[in-house]
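Chemist: 3D, please:
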Amino acid sequence: MSTPLLSHEERWFASRLALSLKAGVPLLQALSLLQEEATEVNPALGAEVSAVRRRFEAGQPLKVALAESTRLSAPLLCVLCYAGEVSGRLGEAFARAEEYATRELEAWAGGEPNEVGNLQLWLRRAGLMLGGGVPLLQTLEVSVEGDVPERLREAVLFVGEAVRSGSTLSAALAEHVDVFPPTVRGMVRAGERSGTLDEVALQTAEHLHAGVPLPAAGKGSAKTTSVGEPAPDADGAGAWEAAIRRLDEMLLAALDAGATDLPLQPGRSESRARMRVDGVLRAAGVISSTDHLRYVNWLKARAGLALPRRAEPNRGAARLRLGQHDRRCRVSTYPTLYGEAVALRFHRAVDPAVEALEQPDALPPLGLRADQAAIVDLLLRQPNGILLVAGPAGSGRTTMLHCLARAVAGRGAAVFAVEEAVEAELPGIRQVKLEPELGLDIVNALRAANRQDPALLVLGVPPDEGAWPLVVEMANTGHYVMLPWQAQDAAAALLEATRAIGDPVLAAGTLVGATAQRLVRRPCPACAAERELTDLERDQVPAGHPLLQCPLTVESRGCEECGYSGTAGRYAIFETARVEGHVRRQMSGDSTGEALRLRLREAGVSSLRWEALLRVAAQQLTVTEALRATPADGAGTV
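Modeler: Sure thing, here's the model as predicted:
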């Protein structure tokens, strides 16, 4: 490294700001104090700090304000600032930057650092970033920005690509035995097992700084393998790599089975893995406590989560390429008594329902009957208003929103999607991921999207109290808004949204309709057998339903073809309702759920229970599943 990574001005800024923040001075006041101090001795630097303060005061995150400056924009400073803002430990983040700058000056005291000195500085930089909460992949990328020797830079960037593709960090380092000595690789392997990569990197840097000689690959007292790895330790040769192979096998088995979720739950002496297939959790294996820790570290690294943050929930996203599968997954962790529980939610790079659309402007092929499809098509052609997509968690609301948005975008309309997590890429739609810790909350995202004049705005999460006025204003000024709602049925969604808006008359004029849905399990055709309804089942069928004329159902007992589950995939059933005429008048007054449901039935809107039992009559669904998945008519009164 021919020049230090942090300039003198950046070291001064980090040192003074860390001192003020640790003393309890508010950030804006601390920046003002730094501005005054800098102006006295260096007016140009004072003007730069003043510009940073003004940008921060105007609402920019500090990391963005620094990145736009000309004198205080070192990548290391910005990324540590970002980690500090996310974790709420900004003072500690700048203290880490100051610590690195001090060590860097020590390394330069005897002239330009040699190869070992450069490796020591890189390890210290990576350790400080990991300990500050910067994800591993971002650490590997940013740690070689600036004036870094080309050989070290290329090796670290190669390591980053290998980790992104699923390799462990120690295995990726082993591909560059000429850059990373065996001791470094061995220490990193230990850090991976213990989840303390940040501490291990700093300890190894101290080891190098103290001048302890490191043996070259294949030499010295340490025995190595053919790729230069240290001799097997007490944990067994390749124990980490073997554990990750077992995890890959478990993930591949879950994907092959069509699982949507894979939770790992730690226990006192062992952990248990389960997979959710067709909405039902199945056992996926028993994991040792040691392997569980390895799995957690690997998954957090792949999802861009900070390894040291174990006492608080975390969430991120990763991409898995296993066998024939190329899937995205959402990774979330939760601290428990026996360690971190991890849950994986699998998604496809492109939503399969969106991919299956025959034409760009087609309606979703998700099971809508012809009359329901006509209603949805009519709703999508409204010039403005709010459409609710209702259902419980896991009922396919996001997929429904994606399909409807794609249908509108296919007609040439400008469509924006504001999502908490981007689960699938939607062609022709401008998708925005919410980042509240960086100032991009739902209100700011809506305001920014409104300036782009979208024809359709899709929200991935329901509006909060502060966002509802803006949503209603957009829906009444020429914009169409679709959003998810967690409710039993269409009537409950409409009434709950009316209460959230606060004005029944305004809500009745703004809400244009609602869909409600459930995912139901299709009976396995190989083991399905016909039987008559029991008296108890007959009593739960609404009067006048066609099923009562021929009270037969199919029942699947399970076979080898369906894995003895009795099911063969899932599909959706829908309730579709327009807000017009008597329904709108009912909503404008002091309505109840029961009264609004009555108006919807008079308007010809079938309930979810009615729709499910139609599938039973067509022998596409078991009566047990229909009664389980849908609320009774009149249930869920609001």
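
Chemist: Quick check, pLDDT for Ala491.
Modeler: Looking at Ala491, its pLDDT reads 93.

Chemist: Please report the distance of it from Leu17.
Modeler: Distance from Ala491 to Leu17, counting by Cβ to Cβ, to the nearest Å: 55 Å. Where you see a C-beta, it was placed from the backbone N, CA and C, and this is true even at glycine.

Chemist: Check Phe180 too.
Modeler: For Phe180, the distance to Leu17 equals 34 Å [Cβ to Cβ].

Chemist: and the residue of the chain most remote from its centre, how far is that from Leu613?
Modeler: What lies farthest from the middle of the chain is Gln549; by Cα atoms, centre = their mean that is 48.1 Å. Using Cβ to Cβ, Gln549 is found at 12 Å from Leu613.

Chemist: And for Arg430?
Modeler: 41 Å.

Chemist: same thing with Arg584?
Modeler: 29 Å.

Chemist: Same question for Pro263.
Modeler: In terms of Cβ to Cβ, Pro263 sits 33 Å off from Leu613.

Chemist: Show me which of these two is the more surrounded one.
Modeler: Leu613 (27 against 18; other Cβ atoms under 10 Å).

Chemist: Check the spacing between that one and Ala343 real quick.
Modeler: Where Ala343 is concerned, Leu613 sits at a distance of 34 Å (Cβ to Cβ).

Chemist: what do you get for Arg557?
Modeler: 31 Å.

Chemist: which one of the two has more residues nearby?
Modeler: In terms of neighbours (other Cβ under 10 Å), Ala343 is the more surrounded of Arg557 and Ala343; the figures are 18 against 11.

Chemist: Give me the three-state assignment for that one.
Modeler: strand (DSSP: H, G, I helix; E, B strand; the rest coil).

Chemist: Could you find the closest non-adjacent residue to it?
Modeler: Counting by Cβ to Cβ, 6 or more residues apart in numbering, Pro263 is the residue found nearest to Ala343 once chain neighbours are left out, at 4.4 Å.

Chemist: Ser165 now?
Modeler: Nearest residue to Ser165, sequence neighbours excluded (Cβ to Cβ, 6+ apart): Arg321, at 7.3 Å.

Chemist: Just the mean pLDDT for the helix or strand the one you found falls within, thanks.
Modeler: Using DSSP states H and E, Arg321 sits in strand 314-322. The average pLDDT within strand 314-322 is 82.

Chemist: now for the helix or strand just after it, which elements pack on it?
Modeler: Using DSSP H and E, the helix or strand that follows strand 314-322 in sequence is strand 325-336. Other helices and strands packing on strand 325-336, by 3 or more Cβ pairs under 8 Å, 6 or more residues apart in numbering; DSSP states H and E, are helix 239-256, helix 289-302, strand 314-322, strand 339-348.

Chemist: and the angle from the helix or strand following the longest one to helix 289-302?
Modeler: The one in question is helix 239-256. Using DSSP H and E, the next helix or strand after helix 239-256 towards the C-terminus is strand 261-266. Angle of strand 261-266 versus helix 289-302, following axes from the mean of the first three to the mean of the last three Cα atoms, to 10 degrees, is 130 degrees.

Chemist: What pairs with strand 261-266, parallel or antiparallel?
Modeler: According to DSSP bridges, strand 261-266 forms sheet pairs with strand 270-277 (antiparallel), strand 339-348 (antiparallel).

Chemist: Show residues contacting that strand.
Modeler: Residues outside strand 261-266 that contact it (Cβ atoms under 8 Å, 6 or more residues apart in numbering) are 250-251, 254, 271-276, 281, 284, 287, 289, 292, 295-296, 336, 338-346.

Chemist: list the contacts for Glu270?
Modeler: Applying Cβ under 8 Å, 6+ apart, the residues near Glu270 are Val286, Ile287, Ser288, Ser289, His292.

Chemist: Kindly indicate whether the second one is helix, strand or coil.
Modeler: I take that to be Ile287. Per three-state DSSP, the secondary structure class of Ile287 is strand.

Chemist: And stretch 610-627, what's buried?
Modeler: 610-617, 620-627 (16 or more other Cβ atoms under 10 Å).

Chemist: taking those one by one, which sit in helices?
Modeler: Per DSSP state H, helices hold the following members of the buried residues of stretch 610-627: 610-617, 623-627.

Chemist: Closest to Leu456 out of these?
Modeler: Glu611 (26.5 Å; Cβ to Cβ).

Chemist: Test my guess that that closest one contacts Ile573.
Modeler: Yes. Using Cβ atoms under 8 Å, Glu611 is in contact with Ile573, at 4.6 Å.

Chemist: Let me know how buried Val415 is, in neighbour terms.
Modeler: 24.

Chemist: what pairs with it across the strands?
Modeler: Leu456.

Chemist: again with Tyr334
Modeler: Beta bridges link Tyr334 to Ala341, judged by DSSP bridges.

Chemist: going forward, begin numbering at 82 instead of 1
Modeler: Sure, I'll start counting at 82 from here, so that last one is Tyr415.

Chemist: can you tell me which residues contact it?
Modeler: Pro394, Glu421, Ala422, Val423, Ala424.

Chemist: all strands in the stretch 382-531 of the chain, in order from the N-terminus.
Modeler: Taking DSSP state E, counting those that start in this stretch as the criterion, the stretch 382-531 of the chain carries its strands at 395-403, 406-417, 420-429, 466-471, 496-500, 511-514.

Chemist: Buried residues, the third one. List them.
Modeler: I take that to be strand 420-429. Gly420, Glu421, Ala422, Val423, Ala424, Leu425, Arg426, Phe427, His428, Arg429.

Chemist: dump the residue contacts of the first one.
Modeler: Gly420 makes contact with Pro347, Ser352, Ser370, His373, Leu374, Val377 under the criterion Cβ under 8 Å, 6+ apart.

Chemist: could I get the residues you listed as a markdown table with distance to Val244, pLDDT and neighbour count?
Modeler: Output for those, formatted as a markdown table (distance: Cβ to Cβ, whole Å; pLDDT from 0 to 100; neighbours: other Cβ atoms under 10 Å):
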| residue | distance to Val244 | pLDDT | neighbour count |
| --- | --- | --- | --- |
| Pro347 | 24 | 92 | 20 |
| Ser352 | 24 | 92 | 24 |
| Ser370 | 24 | 86 | 14 |
| His373 | 20 | 89 | 25 |
| Leu374 | 18 | 84 | 20 |
| Val377 | 16 | 86 | 23 |
